[in-house]
Structure formats: structure tokens, C-alpha cells
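K.L.:
Need a 3D model of the sequence below.
(one chain, ligands or ions: 1)
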Amino acid sequence: MEFKADALVLRAADWGEYDKIVTLFTAERGKLSAALKGVKRAGAKLKFAAQPFCFAEFVFAEKAGRHTIISAALHDGFYPLREDIACYYAAVVLCEACDRLLFEGIESPALFLAAVRTLEALSSCAEGAGGEARLEDGRSGSSYVLLRFLLTALKEAGYPVSAAACPHCGEQLSGRMRFDMESGAFGCEACGGGVPASESTYLAVRAALGQGGEVTADGVKRALRLLSAYFAFQASELPSLAEYLRL
Ligand SMILES: [Zn+2]
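P.N.:
Got it, this is the predicted structure:
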């Protein structure tokens, strides 16, 4: 049986002498592994389809539950990402986050769309001076783009982050506060349990959630650090995010 699907390459691993196994995020079928036969031979036509971030329409052959890629038509290879280390690493974090949150056969169209849009934003970020780019909401930089994506990914996976009033007493939050890993919510320092969090972290998360708020580069960095811990608490470690934060 053959079928077509738009998909994003999350990672590729060597398999035998000439083949690779690619892990794909498909729009219609969630995560899917497929063999790319002969792709390591000189002059192989589908070499591009084994590159990370490759976004293409793939044609698969399915036999006894195994998939083989028989052709691919490139939509976008996001090649400018290779020109800026921060943007490139942010894209690596995106792929790793998708890989950890997705399961075979479970579709996630909203996350798929967010992933493609984020790669587009990071790509134009990499093309701009020093990894900066204007986004539709006027913010800039790969860190902010990545923060927005991770919040969307966590929400789609059932671990939404809430940056509203204190869930315990209903007060507006300011100054020192806490973040509760169980519920994914910020609360006041006096009311709730959880890890200490700064106001700049809270404001960066609010801005990235589209709820307004002042955003600083330091706040975005802190917010990414918090999400790294939250992601590990709810799903799994994201080694590439730790690496990104060390850049
Ligand atoms: Zn409170």
C-alpha cells in the first residue's frame, strides 16, 4: 500500500551500510519512522530527505507495518538555519521537543502547523542580522520564537502553562512569585508551593502566550530555563535546550 503525507524530518539514524531510518512528524499520522534506502550512496536522489528540518511531501510504501520512503518533493529545507548557530540550535530543540511529545499514529495538526511556522520564523531570524527578526507581534530573536513554540507544544501535549492571576487567592501577580510544576501555573510567593520564579520570567511567558506584558532578553532566557525544568518534570529531559541555553 502507498500513501502520501506532508512531513517534517525530526532526526535520521544510519541503518546498515547505505540506508537511514528517519523519524518524521507527519501532518496526518503523527510520528512515523521510515526507511530511506540507498540514501548514503553517492548521488542518491533523496539525500535531502535525510536532513533535519526537511519539510516535504513524502510518498511511503507500507508493508507489514514498516514504512519505506519512495519519493519526496521538498516544500522547504530551511537552509538559512545553518548560517546562525542560535537559530540552528533552536530548531534542534524544536525537533527534539516534537520527538519527545509525539506518539506514533496520534495526529497533532496544531503542533505540526506551529512547528512549520516556527521553523519559518527561525529561518528568517537566521537570515537577518545577528539572528534577530521581526515577528508579527513585533518581538524579535530566536529565544522568543523558541519560547512561544515550547509553550504551544506543551499546551498541545496536555501540559499548558498558565500565567494569569494567582490560582489560590486571585491576586494579580508581581514581584517575587512561584511556579508550580504540578499544575504549570504561576502563583504568589505567600500562597503556593513550587519553585521561585521572577517577575521577568512571568512577563516573558505572558507575552509569549499572547497576553501582553513587557519582555526582556533576560526574562526570555529565564523563562526558557523554567520551561526546561517543567518539560523534564512533565515529559522528559530536553538535552538540546540545556545546550541552547549554554550558547
Ligand atoms: Zn495568591
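
K.L.:
Tell me which residues are up against the top strand by length along the chain.
P.N.:
As assigned by DSSP state E, the longest strand anywhere in the chain is strand 2-15. By CB atoms under 8 Å, 6 or more residues apart in numbering, the surrounding residues in contact with strand 2-15 are 20-29, 31-32, 35-36, 40, 49-62, 70, 75, 95-96, 98-99, 112, 115-116, 119. (Glycine included, C-beta is placed from N, CA and C.)

K.L.:
Check stretch 90-99 too.
P.N.:
By CB under 8 Å, 6+ apart, stretch 90-99 touches 8, 10-11, 23, 25, 31, 52-53, 78, 81, 111, 115, 118-119, 122, 142-143, 145-146, 149-150, 153, 231, 238-241, 243-244.

K.L.:
try 6 Å this time
P.N.:
Here stretch 90-99 makes contact (CB atoms under 6 Å, 6 or more residues apart in numbering) with 10, 25, 53, 81, 115, 118-119, 122, 142, 146, 149, 153, 238, 240-241, 244.

K.L.:
just curious, which of the residues you listed is nearest to the ion?
P.N.:
Nearest to the ion among those is residue 153, at 27.9 Å by CB to the ion.

K.L.:
ok, how many other residues are close to the closest one?
P.N.:
Residues near residue 153, counting by other CB atoms under 10 Å, number 25.

K.L.:
Could you pull up the contacting residues of residue 219?
P.N.:
200-201, 203-204.

K.L.:
Please identify which of these is nearest to residue 86.
P.N.:
residue 204 (16.7 Å; CB to CB).

K.L.:
So which elements touch the helix or strand bottoming out on mean pLDDT in the chain?
P.N.:
In the chain, no helix or strand scores lower on mean pLDDT, DSSP states H and E than helix 109-127, which sits at a mean of 92. Judged by 3 or more CB pairs under 6 Å, 6 or more residues apart in numbering; DSSP states H and E, the packing partners of helix 109-127 are helix 85-101, helix 142-156.

K.L.:
Please enumerate the strands of this structure.
P.N.:
2-15, 19-26, 30-36, 55-63, 66-76, 177-180, 185-188, 195-197.

K.L.:
out of the ones you listed, which comes closest to residue 103?
P.N.:
When these are compared (using CB to CB), the closest one is strand 30-36, at 6.2 Å.

K.L.:
Show me what the closest one is in contact with.
P.N.:
19-24, 26, 46, 50, 60, 67-69, 102, 104-107.

K.L.:
Among the contacts of residue 219, which one is most surrounded by other residues?
P.N.:
Counting neighbours by other CB under 10 Å, residue 204 leads the contacts of residue 219 with 29 neighbours.

K.L.:
list the contacts for that residue?
P.N.:
215, 219-220, 223.

K.L.:
Among those, find me the one that's closest to residue 193.
P.N.:
Using CB to CB, the contacts of residue 204 come closest to residue 193 at residue 223, 19.8 Å.

K.L.:
and the protein, which residues reach the ion?
P.N.:
166, 168-169, 188, 191 (CB under 5 Å from the ion).
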